[in-house]
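Undergrad: output the structure for:
(chains A and B, ligands or ions: 2)
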There are 2 protein chains.
Amino acid sequence: GSDLLAQERARTTFSVNDLSVYLYGEEYLERQEKFLALIENEPAFDKSNRYFLGRTERFAGALRKDHALVKMSQEQKWTPEEFQHADILIDEPGPFGLHRGMFMPTLASQGNAEQHEKFLKPALRYEIIGCYAQTEIGHGSNVQGIETTATYIPETNEFEMHTPYLTACKWWIGGLGKAANHAVVMARLITNGKDFGPHAFCVPIRSMEDHSLLPGVMAGDIGPKFGYNTTDNGTMWFDHYRVPHISLLAKHSQVKPSTGEYIKPPNSKLSYGTMVLVRASLVGYARINLARAATIATRYSAVRRQFVDKDTPKKMGSQIVETPVLDYSMQQYRLFPIIAAAYACHFTSKEMMRLYFLNMKNMESGNFSLLADVHASSSGLKSLTTTMAAASIEECRRACGGHGFSSFSGLPLMLQDYAPNVTWEGDNYMISQQTGRYLFKAFRDLVAQRASGKFNTSQITNPTLAYLNSYLDNPDLKCPVTTPNQFFNPEIQLAAYGHRAAHIVAQIVHALDVEKRSWNSMLVDIYNASVAHCQLILVQNFILGIRGDMPQPEGVVAAVLPAAAKEALTDLSNLFALHQIHKQPGEFLTSGYLDANQVSMMGKAIMDLMEHKIRPNAVGLVDAFAFPDYHLNSALGRFDGKVYEAYTEMATREPINQTDVIEGYQQYIKPFTNPNNKQGKTMSARL
Amino acid sequence: GSDLLAQERARTTFSVNDLSVYLYGEEYLERQEKFLALIENEPAFDKSNRYFLGRTERFAGALRKDHALVKMSQEQKWTPEEFQHADILIDEPGPFGLHRGMFMPTLASQGNAEQHEKFLKPALRYEIIGCYAQTEIGHGSNVQGIETTATYIPETNEFEMHTPYLTACKWWIGGLGKAANHAVVMARLITNGKDFGPHAFCVPIRSMEDHSLLPGVMAGDIGPKFGYNTTDNGTMWFDHYRVPHISLLAKHSQVKPSTGEYIKPPNSKLSYGTMVLVRASLVGYARINLARAATIATRYSAVRRQFVDKDTPKKMGSQIVETPVLDYSMQQYRLFPIIAAAYACHFTSKEMMRLYFLNMKNMESGNFSLLADVHASSSGLKSLTTTMAAASIEECRRACGGHGFSSFSGLPLMLQDYAPNVTWEGDNYMISQQTGRYLFKAFRDLVAQRASGKFNTSQITNPTLAYLNSYLDNPDLKCPVTTPNQFFNPEIQLAAYGHRAAHIVAQIVHALDVEKRSWNSMLVDIYNASVAHCQLILVQNFILGIRGDMPQPEGVVAAVLPAAAKEALTDLSNLFALHQIHKQPGEFLTSGYLDANQVSMMGKAIMDLMEHKIRPNAVGLVDAFAFPDYHLNSALGRFDGKVYEAYTEMATREPINQTDVIEGYQQYIKPFTNPNNKQGKTMSARL
Ligand SMILES: Cc1cc2nc3c(=O)[nH]c(=O)nc-3n(C[C@H](O)[C@H](O)[C@H](O)COP(=O)(O)OP(=O)(O)OC[C@H]3O[C@@H](n4cnc5c(N)ncnc54)[C@H](O)[C@@H]3O)c2cc1C
Ligand SMILES: Cc1cc2nc3c(=O)[nH]c(=O)nc-3n(C[C@H](O)[C@H](O)[C@H](O)COP(=O)(O)OP(=O)(O)OC[C@H]3O[C@@H](n4cnc5c(N)ncnc54)[C@H](O)[C@@H]3O)c2cc1C
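TA: Ligands and ions are numbered 1, 2, ... in the order given. As a prediction, the model looks like this:
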């Protein structure tokens, strides 16, 4: 194993460190070294038993881990970035996760100054531990449909929280099952007999003295799950539970004490900002998971040898040896696009964060011009990249053959813990409708402007309008490519993606507006439109990201990517753009841009690119992601390639191996195999 | 929930029972009733704790279950079919599974009469419990590359089994870890200094008296896995371990005692027959899993309501209510093709079993004419249908939204236990090469015959040659469809699939033979060829299966499908054929058969078909699969639709809910939230 990886690394055409620095910056990489030393030596962060334990023990371990993590962060005075870095390395969702991820951010964005004082400050010190209770057993996607009520009682200046039906009980709430003593609860605000719909309340749920549930609150864990079993997702229902007036988070909307008069929020668009942040950060999280899975599968595929490739047998000295499976073109076609996708998501997640901050700043000064486009893109990108990441982890798992099925590969648990990303923060199918709605409006507006005779290109204020406008300029555009290599031209790639996305949008708008088809009947096309739009964004940012043309946040100087690494990344960017077309050419063909001949030419271009350019750099390209072995926790993905040694060593620790003869033998096997209780030790009674 | 499902059932246009009888026959359905009564009352088969236990307890439970199952089968004198039926209902892979699935079948097919007496007879009584040890940690797909040796020792007339390297240790062997006392071991037969490659040996590995490992044998469990954790997949290595001459399974090849002379098998093709059987049965097993997952997700989607559909709001009396998610066209596009795929696999698995038996009979009389086609199709179908089933279980899981992530949906464990099907019995990518190899040979032969001038249609002896020949007759064939409804013509569907498959084959043969491209560089296309070929088979058998035109095994009279059910199935068959084209039209477009307009027309045809014809029958179509609630073990998929009641009830049994305050509170939460150990019980220290 070690030799093989050393050979791979010797072939790499660029400096892995250069690329890592370009991706993460020096600071991050140095911090990682420092943190590893700290974290690997803390028993609460030990991963060696992770794959062996049942849910009860794993949850107990996660609570211990979260406690130790908070303590360490307090002692070391970590910044939020540092905390997050440590959390990523430890890589285990825990009972305090939603406290940081949703409870405190909601308090921060929706609480007023008094509430910051009362709730947020102690929460920062973990005196209050909270969760975010929005979803009910009956309502998840449709937040407006939740049924928990919070009725204002003017007499006592309280709200009465109540769960009127079984379907109204809170469900899925991370941290609620066992750990939290407070909850942000989304409940229908009712005052003076009127229902103002869902509002956020911060309420205590467990005693601050002994952690028992408070009277009027029932809560518990919702049981075992596909993954995420180290978090206590919980259920809760209220029985006419009274909380004080201050519980209603009052930065945006308020209820006047005594009169119960409702004061509505000044601008409902403000809350979209946070959604953009969450969705953009999920793009970054997709990047991490794509990169991790690709690292494991790529390293292992360079070590794993299977069959002699008859046409080009591999030799070690004069001896014919088996071929590393990474040399099979099918394995490359499965794995290399995943490496490429990880890089694609890297650049797009950076760009989305920049846009988020820019938009927040704009909105503060009343400028909402970016919001719609950024919100639509972040929704579609959340949907697309999390779907990609989940599929890619599974593809990497399968690409490791049988051994990918072993927990020791690290891939099963990764898949299981990652899986909810396709569902939460907006189900990936449902959410694509938000992207669609924006695209159709943008298209209709643009068509109207162009028809008005008063159109000029200064009205093209964002990339979405730019590609829609190009399409309207020439809906019959054809791809001029006549040789495979021409597909490596980024302008051609962008034209293909832009034309295809705009064509789908145009077709849908026609179906809705002219054919008068219902929105519901168009959902499949709408989803495809969202995917097409977001694939274009990913392709675009990848190209800009390599060129160094990407806009930078204010005050940040763009890093420079050395030429050799730039070339290696350009290969990946080409693969990313072309592989998706080649694998699913349908819409590129029906949009009229490509023809059958070109698709077949593209196939050759891709196969050549992978074999000659990407294959030699494959291990280097995943090494550059800089995941320490501690993070990967994978026998197959080890940096040193000692796959079989690590794998067999892990198996010796399997609990049922701790006795030679299994406990159930006497009761369940012996009655068949030795019913007369023969003694002695022969090789076989039958021989 | 109950009302909603009752309404659905009232809308069904056909008799569910008619369809169930057509699928399974009366006998099967009656047996199921009888078995349920037996099985549900046996404590060892109780499923109520299945989702809560860790691996160690689940394995212990599976051993108990397998013991009880064997005992019951002995007491009730079950036939193999009856055993299998019970096993499917209980639905838990266990430590004795490979004894039945691989150990005994190998003894039966590769052992001689003496070996049947010595090994198979006691195995049938479970006095010997065995496993099938082929895979090594270093070799799975490449069976010829295994490294365990079995060297003939003429002096003592023994074989010496030995594991020369770490990579040669057996790995993944089901039942070996803890349960088996014998193993069929694939090892390189070495005699008189010559290596004759892998041969099967039946060897004792644990003492028949006390189940301890025999001297010279080391074995144990390989540890936790993504799924299949109730089976003790094991590892084993030999240290110059001597076994008697009779251990070499000698029906086909033998070693002469004393001289050590090797006698090779008369016909190496004979062993392909068994492979066809295993692969054909995996198509049937894919069917079960597709159908189960579809049953859960379809029933739940009829009960789950989310959002009011603005264009066509749903009413209960005069009140507007939320829309069942099954009414959303996207949900239909995701689920209905899975219902259709389950039916498609049903007919194809029946047909493959018929062909298997026919081929076995033919081969006995020296007629090998069917073998190549049947072997190639069964390989490709194993690959295609298991890939489809694994993807569909996950799609169904996601289609249940958050609740699909709960173990109580039944889908996570189903997915985890099903997952190895894409890897074992031939990795799904690797195995497609076998299908490809046959298709290219068939194509080349056909081209040569046609060119010879001596070709006549009597040489078209199977459906593969038929579609290849049609293509060669007219490679520029165009689809004549001009209105959406014309796509419901089965001849058009078959022409589309046939033309596309043949076109891919023709292109690959050209690349290999004319452009001289290497086999390795063509693996992606080869995989696509295998998929195209097998999708055609599925479409074909679905059409024949409904018409009642399907050939029947000798002596079997075709059942008759009543008209109403026939119409409902025809809708599904149309969906099955068209959905795959619509979702991935690329190859249908590049083959030249379809154009962009037609694909868009097809989209409308599909959406209409789903909304108007399939939607009303959706629940009926899954009810017809006749899975009892005991089998499904799913809160979401219950027949009675009482989803939320069952789901919340299951959560109350979560072990960590058994105490109000979690154990870790004192140590891991209280130090933050109540460091000064305040007593009493206030709502919140902060309020
Ligand atoms: C592990 C995990 C942790 C979670 N943690 C939290 C938490 O801490 N706090 C919290 O409040 N929530 C939490 N959730 C809940 C999560 O936010 C919801 O599950 C999610 O919003 C999806 O909603 P749902 O489950 O109701 O799905 P549903 O809306 O019921 O979706 C079911 C199906 O219907 C489809 N569908 C729904 N609406 C439409 C439509 N309009 N058009 C077409 N199709 C539609 C969906 O695509 C899906 O296929 C968590 C969930 C999970 C799995
Ligand atoms: C749950 C489970 C139970 C099992 N039970 C048993 C058992 O009871 N007895 C037993 O003997 N075995 C058993 N196996 C082993 C199983 O048969 C092997 O895992 C399977 O054959 C795949 O082989 P592999 O793991 O060596 O994969 P590999 O061959 O190492 O595959 C790794 C990757 O290389 C690719 N690849 C390999 N060769 C080629 C090629 N020529 N061209 C292109 N790509 C290629 C594959 O597609 C895959 O992506 C079990 C496995 C599992 C997961």
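
Undergrad: only C-alpha atoms from now on, for both contacts and neighbour counts.
TA: Will do.

Undergrad: wait, doesn't A:Ala342 sit right on A:Leu290?
TA: Yes: counting by Cα atoms under 8 Å, A:Leu290 is a contact partner of A:Ala342 at 5.2 Å.

Undergrad: OK, contacts around the residue nearest the centre of chain A?
TA: Centroid-nearest residue in chain A: A:Ala286, 3.5 Å away (criterion: Cα atoms, centre = their mean). By Cα atoms under 8 Å, 6 or more residues apart in numbering or on different chains, the contact list for A:Ala286 reads A:Ala342, A:Cys345, A:Thr385, A:Thr386, A:Ala389.

Undergrad: how many other residues sit next to the residue of the stretch 1-150 of chain A found nearest ligand 1?
TA: The minimum distance from the stretch 1-150 of chain A to ligand 1, using Cα to the nearest ligand atom, falls at A:Gly140 (3.0 Å). Neighbour count for A:Gly140, taken as other Cα atoms under 10 Å in any protein chain shown: 24.

Undergrad: list the contacts for it?
TA: A:Gln134, A:Ile146, B:Gly402.

Undergrad: what residues does the stretch 351-500 of chain A put near chain B?
TA: Taking Cα under 8 Å from any Cα of the partner chain as the criterion, the neighbours of chain B within the stretch 351-500 of chain A are A:398, A:401-402, A:405-408, A:412-413, A:420, A:422-424, A:427, A:429.

Undergrad: mark which of these are buried, thanks.
TA: Buried subset of those (neighbour count, 16 or more other Cα atoms under 10 Å in any protein chain shown): A:398, A:401-402, A:405-408, A:412-413, A:420, A:422-423, A:427, A:429.

Undergrad: of the contacts of A:Gly140, which belong to helices?
TA: Among the contacts of A:Gly140, no member is found in helices (DSSP state H).

Undergrad: near ligand 2, which residues of the stretch 351-500 of chain A show up?
TA: Applying Cα under 6 Å from any ligand atom, one finds that the stretch 351-500 of chain A approaches ligand 2 through A:Arg398, A:Ala399, A:Cys400, A:Gly401, A:Gly402, A:His403, A:Phe405.

Undergrad: chain A now?
TA: Applying Cα under 6 Å from any ligand atom, we find that chain A lies next to ligand 2 at A:306-307, A:325, A:328, A:330-331, A:398-403, A:405.

Undergrad: closest one of those residues to B:Ser530?
TA: The shortest gap between B:Ser530 and any of these belongs to A:Met330, at 13.6 Å (Cα to Cα).

Undergrad: ok, that closest one to A:Ile606 distance?
TA: Look at A:Met330 and A:Ile606: by Cα to Cα, to the nearest Å, they are 12 Å apart.

Undergrad: also A:Ala342?
TA: Where A:Ile606 is concerned, A:Ala342 sits at a distance of 18 Å (Cα to Cα).

Undergrad: neighbour count winner among these two?
TA: Remark: of A:Ala342 and A:Ile606, A:Ala342 carries more neighbours, 29 against 22, as counted by other Cα under 10 Å.

Undergrad: ok so, going back, tell me the pLDDT of the residue of the stretch 1-150 of chain A closest to ligand 1.
TA: The model reports A:Gly140 with a pLDDT of 97.

Undergrad: what's the answer for A:Ala685, then?
TA: In this model, A:Ala685 carries a pLDDT of 38.

Undergrad: one more: A:Asn267?
TA: pLDDT, read off for A:Asn267, is 75.

Undergrad: so how far is the longest helix seen in chain A off the chain centroid?
TA: Criterion DSSP H: the longest helix present in chain A is helix A:329-364. The chain centroid and the centroid of helix A:329-364 are separated by 11 Å, computed with Cα atoms, centre = their mean, to the nearest Å.

Undergrad: picking that back up, can I get the buried ones among the residues of the stretch 351-500 of chain A next to chain B in CSV including distance to A:Ala37, pLDDT and secondary structure?
TA: Listed next are those as CSV, based on distance: Cα to Cα, whole Å; pLDDT from 0 to 100; DSSP: H, G, I helix; E, B strand; the rest coil:
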residue, distance to A:Ala37, pLDDT, secondary structure
A:Arg398, 33, 98, helix
A:Gly401, 33, 98, helix
A:Gly402, 33, 98, helix
A:Phe405, 30, 98, helix
A:Ser406, 28, 98, strand
A:Ser407, 25, 98, helix
A:Phe408, 23, 98, helix
A:Pro412, 27, 98, helix
A:Leu413, 24, 98, helix
A:Pro420, 31, 98, helix
A:Val422, 34, 98, helix
A:Thr423, 35, 98, coil
A:Asp427, 39, 97, coil
A:Tyr429, 42, 98, coil
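
Undergrad: so which residues on the stretch 51-200 of chain A come close to chain B?
TA: With the criterion set to Cα under 8 Å from any Cα, the stretch 51-200 of chain A comes near chain B through A:51-56, A:60, A:63-64, A:67, A:118-119, A:125-129, A:137-142, A:145, A:166-167, A:172, A:178-179.

Undergrad: tell me which two of the buried ones among the residues of the stretch 351-500 of chain A next to chain B sit farthest apart.
TA: A:Phe408 and A:Tyr429 (32.4 Å).

Undergrad: quick check, the residue nearest to the centre of chain A in a helix?
TA: Yes: assigned with DSSP: H, G, I helix; E, B strand; the rest coil, A:Ala286 falls within a helix.

Undergrad: let me know the pLDDT of it.
TA: Confidence score, pLDDT, at A:Ala286: 98.

Undergrad: so how far is A:Leu415 from it?
TA: For A:Ala286, the distance to A:Leu415 - Cα to Cα - is 12 Å.

Undergrad: then A:Val531?
TA: Using Cα to Cα, we find A:Val531 at a distance of 22 Å from A:Leu415.

Undergrad: then A:His403?
TA: 15 Å.

Undergrad: can you tell me, leaving aside adjacent residues, what's nearest to the residue of the stretch 251-400 of chain A found nearest ligand 1?
TA: Nearest residue of the stretch 251-400 of chain A to ligand 1, counting by Cα to the nearest ligand atom: A:Ser383, 11.1 Å away. Spatial nearest neighbour of A:Ser383, excluding adjacent residues (Cα to Cα, 6 or more residues apart in numbering or on different chains): A:Asn428 at 4.4 Å.

Undergrad: any regions of chain A where pLDDT drops low?
TA: A:681-687 (pLDDT under 70).

Undergrad: got the domain ranges for chain A?
TA: Domain assignment for chain A by automatic domain parsing gives A:102-266, A:273-623.

Undergrad: which of those domains sits closest to A:Arg11?
TA: domain A:273-623 (5.9 Å).

Undergrad: what's the end-to-end length of the closest one?
TA: End to end - Cα to Cα - domain A:273-623 spans 35 Å.

Undergrad: chain center to it: distance?
TA: Using Cα atoms, centre = their mean, the offset of domain A:273-623 from its chain centre is 14 Å.

Undergrad: next one: A:Lys613 from A:Met550, what distance?
TA: Distance from A:Lys613 to A:Met550, by Cα to Cα: 25 Å.

Undergrad: actually A:Ala372, not the one I typed
TA: For A:Ala372, the distance to A:Met550 - Cα to Cα - is 21 Å.

Undergrad: burial count for A:Gly664?
TA: By other Cα under 10 Å, the burial measure for A:Gly664, its neighbour count, is 18.

Undergrad: same question for A:Tyr241.
TA: 19.

Undergrad: one step back: A strand includes the residue of the stretch 1-150 of chain A closest to ligand 1, no?
TA: No: the assignment for A:Gly140, made by three-state DSSP, is coil rather than a strand.

Undergrad: how about the nearest residue to A:Ala168, chain neighbours excluded?
TA: A:Glu147 (5.1 Å).

Undergrad: what's near enough to touch that neighbour?
TA: Counted by Cα under 8 Å, 6+ apart, A:Glu147 has contacts A:Glu136, A:Thr163, A:Pro164, A:Tyr165, A:Thr167, A:Ala168, A:Ala187, A:Arg188.

Undergrad: how about the third one, secondary structure?
TA: Three-state assignment for A:Pro164 (three-state DSSP): coil.

Undergrad: what distance do you get for it to A:Val185?
TA: Taking Cα to Cα, one finds A:Pro164 at 15 Å from A:Val185.

Undergrad: thanks again, I'm all set now.
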